[in-house]
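[1] Mind folding the following:
(2 chains, ligands or ions: 2)
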Amino acid sequence: MSVRAELRGVARTFADGTRGLLPTDLVLEPGSVTALLGPSGCGKTTLLRLLAGLARPDPGGAVLFDGRDVTDLPVERRNIGMVFQGYALFPHMTVARNIGYGLEARGVPRAQREPRVAEMLRLVRLEALAGRRPDQLSGGQRQRVALARALAPQPALLLLDEPFGALDAALRLALRVELAALLTALRVTAVIVTHDQAEAMALGDGVAVMEGGRIGQRGTPRDIYERPANRFVAGFVGTLNDLGEGRFCRPEALRPDPAGPLEGRVSAAFFDAGRTRLHLAAPGGGEWVLELEPGQAVPERGSALRLALDEKAVLRF
Amino acid sequence: MRFIPPLVTALVTAFLIGPILLSALAGVTANWFLGLSGGFTLQWIGRVWEHYAHTIGLSVWLAFATLICTLVLGVPAAWSLARSESRAARLLEEALVLPVAVPGIATALGLIMLWGAVGDFRTHWSFVLVGHVLFTLPFMLRSTIAAMKQADLPVLEEAAAACGARFWRRFRTVVLPAARGGILAGSLMVVALSLGEFNMSLLLTSPFTMTLPVGLADSYASLRLEIGSAFTLVFLVLLVPPLIALQMVADRLGGVR
Ligand SMILES: Nc1ncnc2c1ncn2[C@@H]1O[C@H](COP(=O)(O)OP(=O)(O)OP(=O)(O)O)[C@@H](O)[C@H]1O
Ligand SMILES: [Mg+2]
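    Numbering: from 1, shown residues only, chains lettered A, B, ... in the order given. Ligands and ions are numbered 1, 2, ... in the order given. Have a look, this model is predicted:
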């Protein structure tokens, strides 16, 4: 069912000359979930639209599904499912009709549509709201309708553009867990766009970090966190401490140690979910961040603190 | 002091409706110059029917045909104007006020100069139809474009396409429903304007293709006052119910969205 999708030298230049995407190669293995991570305006939506067929690549680029060139195939014939940045639910249709729309468009007769829609309603736990219209739903419910609408026709490729964009933190977290479970169960090739690094790390088998219209690095979440390809990627997927002379490290590489080689002055301490994040003023003028183990004594603001460094975890750019 | 606003409303209403009521009343009095004491009669309405049945039928037919034409031409045109980002499209949208600003008589003269000599076109009802479509189309366009822009159509259409819907299905199931409030309001305007249009019709009609308002002027000019008034009554009976009905539907749809 799920497809191997590939971009080959795909670029996108807009009418006004803006380069939304520089020539890009990307392979999405069947059944893999790829998180597309990057700051606002880096080209995430542009890449997704090119995969979907909502935009045409500049001449020379090709989009392939299972090795077949689909560059000229319009979006409605690519058998994809898409969740848009603002959901784009049909306002004049009920929840059930929204969810069944993809089946309707594929000519599935009503008798076969209804059980499938009921199944999807169960899956996203919206059975009780089947008859409502989108404007009578909460943000989280809308998000689930959009997801069910994209999934109902069993698309070969699922594209999610910031599916949790407009939701509050708690709901994001809850839906993230639900979506992760769903994607594992469905084994559909999927791309999830997000600018939240924790979300990308949690949802993707693989993460692609984008920067200024190109993919800066691809890898597993662990790879990218521990062996970032460049300083931008390193800074985007986690906190980075500048040790000077091109040497950097993650907060975990530092720990308080009276005999340690480094010294900083404690500037702030934040308590967050059982751990304390300590901010230090570094001698070079920068700022270092580290986390204290639960139960470890929190040093006073303004006091000097000596630190040990795990040399193996030092990153060089 | 609180009774002043309702009083003003009542006065304004009386000012607006008074003449119409008076005129309609004249249509059922036996002799207007004798006043109500002369008694009531339906004979004038009968006379109107004798003289103008054809005119009334033609007007209803013309309004219907105008509506069909403006729907068939206007909705697709509105769709392409609403989604186009070109400057030409914006200019064209601005230009849609022109036919309203130009006096109907001028448009009618233009049409006559252009088509007056082409066969029997001048005396055929479709000549009037062309004028009415020209006059009413901008109203259909403007109201439909406004509804389409408000509905964020490009995104909804992309969503439908991503669901696998081809062009016609998208148009039928997404574009039309999203714009239905505007299309309905436009239709209401078109029917009302076509039924009541006088300026342009006065020149475009011929004795064989007389429309209702022109017939009304003709009846006041050439027949008894009571007949003209009876005609007014018929006009109101014809125009008001569909207007109210359409207004109610438009309100209901407007409320849902
Ligand atoms: N239609 C367009 N015309 C011109 N430039 C565009 C157009 N659409 C996008 N761009 C530009 O292309 C770049 C990439 O846009 P894109 O929408 O892909 O960003 P994004 O990564 O999805 O950002 P966000 O996280 O804010 O959604 C941006 O600089 C944007 O301004
Ligand atoms: Mg985006």
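[2] Could you pick out the residues of chain A near ligand 1 for me?
    Taking C-beta under 6 Å from any ligand atom as the measure of proximity, chain A contacts ligand 1 at A:14, A:16, A:18, A:20, A:38, A:40-46, A:195. All C-beta spots, glycine's among them, are computed from the backbone N, C-alpha and C.
[3] State the pair within the residues you listed that is farthest apart.
    For the residues of chain A next to ligand 1, the farthest-apart pair by C-beta to C-beta is A:16 and A:195; their separation is 23.5 Å.
[4] Compare those two (neighbour count), which wins?
    residue A:195 (18 against 5; other C-beta atoms under 10 Å in any protein chain shown).
[5] tell me the domain ranges of chain A?
    As assigned by automatic domain parsing, chain A contains the domains A:5-231, A:249-316.
[6] What is the three-state secondary structure of the residue in the stretch 151-300 of chain A that chain B sits nearest to?
    The nearest approach of the stretch 151-300 of chain A to chain B comes at residue A:153, 6.4 Å away (C-beta to the nearest C-beta). Here residue A:153 is recorded as coil under DSSP: H, G, I helix; E, B strand; the rest coil.
[7] Show the backbone phi and psi for it.
    Dihedral angles of residue A:153 (phi, psi; degrees, to the nearest 10) stand at phi -80, psi 10.
[8] Let me know the distance separating it from residue A:188.
    Using C-beta to C-beta, to the nearest Å, residue A:153 is found at 11 Å from residue A:188.
[9] hey, what's in contact with both of these two?
    Residues touching both residue A:153 and residue A:188 (C-beta atoms under 8 Å, 6 or more residues apart in numbering or on different chains): residue A:81.
[10] ok so, going back, the residues of chain A next to ligand 1 in strands, which ones?
    Here DSSP state E is the test, and the residues of chain A next to ligand 1 give residue A:20 as lying in strands.
[11] Run through the residues that contact the residue in the stretch 151-300 of chain A that ligand 1 sits nearest to.
    As assessed by C-beta to the nearest ligand atom, ligand 1 sits closest to residue A:195 within the stretch 151-300 of chain A, at 5.1 Å. Going by C-beta under 8 Å, 6+ apart, residue A:195 touches A:37-40, A:44, A:162.
[12] Go ahead and measure how far stretch A:296-307 is from the middle of the chain.
    Put simply, stretch A:296-307 sits 36 Å off its chain's centre (C-alpha atoms, centre = their mean, to the nearest Å).
[13] Which of the domains of chain A has the lowest mean pLDDT?
    Among the domains of chain A, domain A:249-316 has the lowest mean pLDDT, at a mean of 89.
[14] Now do the end-to-end distance for that domain.
    One end of domain A:249-316 to the other measures 9 Å (C-alpha to C-alpha, to the nearest Å).
[15] ok now that domain, how far from the chain's centre?
    In terms of C-alpha atoms, centre = their mean, the centre of domain A:249-316 is found 29 Å from the chain centre.
[16] quick one: what helix or strand has the nearest residue to residue A:199 once chain neighbours are set aside in it?
    Leaving aside its sequence neighbours, residue A:199 sits nearest to residue A:176 (C-beta to C-beta, 6 or more residues apart in numbering or on different chains; 5.9 Å). Assigned by DSSP states H and E, residue A:176 belongs to helix A:169-186.
[17] What separation is there between residue A:119 and chain B?
    17 Å (C-beta to the nearest C-beta, to the nearest Å).
[18] now that residue: how far from residue A:3?
    Distance, residue A:119 to residue A:3, by C-beta to C-beta: 22 Å.
[19] quick one: which of those two has more around it?
    Comparing residue A:119 with residue A:3 by other C-beta under 10 Å, the one with more neighbours is residue A:3, at 23 against 13.
[20] Leaving out sequence neighbours, find the closest residue to the more buried one.
    Among residues not flanking residue A:3 along the chain, residue A:156 sits closest, at 3.8 Å (C-beta to C-beta, 6+ apart).
[21] now residue B:40
    Sequence neighbours aside, residue B:28 is the residue nearest to residue B:40 in space, at 5.1 Å (criterion: C-beta to C-beta, 6+ apart).
[22] distance of that neighbour from residue B:229?
    Distance, residue B:28 to residue B:229, by C-beta to C-beta: 8 Å.
[23] and residue 232, what does it touch?
    Since you didn't name a chain, this refers to chain A. Neighbours of residue A:232 in contact, by C-beta under 8 Å, 6+ apart: A:209, A:211, A:216.
[24] try chain B instead
    With C-beta under 8 Å, 6+ apart, residue B:232 has these contacts: B:20, B:23-24, B:27, B:216.
[25] can you check residue A:241 too?
    A:248-251, A:253-254, A:282, A:286-290.
[26] Listing request: residues of the stretch 101-250 of chain B with sub-threshold pLDDT.
    Residues of the stretch 101-250 of chain B meeting the criterion pLDDT under 70: B:242, B:246, B:249-250.
[27] any idea how far the residue of chain A most remote from its centre is from residue A:306?
    Centroid-distance maximum for chain A: residue A:259 at 40.7 Å, with C-alpha atoms, centre = their mean. Computed as C-beta to C-beta, the residue A:259 to residue A:306 distance reads 7 Å.
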